[in-house]
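Chemist: 3D, please:
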Amino acid sequence: MKARTFYSRILSLFVVLFALTGCETTTKRSKTPPPAAFTVKRGDSVMTLIEQMGEPDRKSSIEKSGATGAIWTYQDKMRSKIRMVPDGTRQVAVYDRNTEQTIMVSEPTFTQESSSLDQITEFLIMDGKVISWKQRIDDDKIRIE
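Modeler: Next up is the predicted model:
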């Protein structure tokens, strides 16, 4: 009889512990939608370009064969990261318990490296209209000392 009471108390304890600690499902991460592709066509006005892409990051003027125009540059950061890269080594004093002496040991040193991946889109504008454009990807790596 005592055994039956003991086992029922153990079982109820496990049920209570399970109910209190229960599991929780993880929430679904919302994926950010990819950026919409721009739908600018040759011959579109500058206002259409501004509606699609916003104000340019940079504007520069060009003149060729008597015709003047402008190059509008848009820069979009696609990815950036900072990582630690090996830089060299340094000597560090360490106490050796076996020999009971201080010895010098080489230890690696690290430097931060920042890298970013940018998409650069340049539009050729003449007489208030889009003439052409080109895109390129720039991969910049900078060592932070």
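Chemist: From the chain's centroid, how far away is the longest strand belonging to the chain?
Modeler: Longest strand of the chain, by residue count under DSSP state E: strand 67-96. A distance of 12 Å separates the C-alpha centroid of strand 67-96 from that of its chain, computed with Cα atoms, centre = their mean, to the nearest Å.
Chemist: for it, which positions count as buried?
Modeler: Residues of strand 67-96 classed as buried by neighbour count (16 or more other Cβ atoms under 10 Å): 71-72, 74. (Each C-beta comes from the backbone N, C-alpha and C, glycine too.)
Chemist: Show me what it is packed against.
Modeler: In terms of contacts (3 or more Cβ pairs under 8 Å, 6 or more residues apart in numbering; DSSP states H and E), strand 67-96 is packed against strand 58-64, strand 101-126, strand 129-144.
Chemist: Going by mean pLDDT, which of those comes out lowest?
Modeler: Mean pLDDT values for those show the minimum at strand 129-144, a mean of 84.
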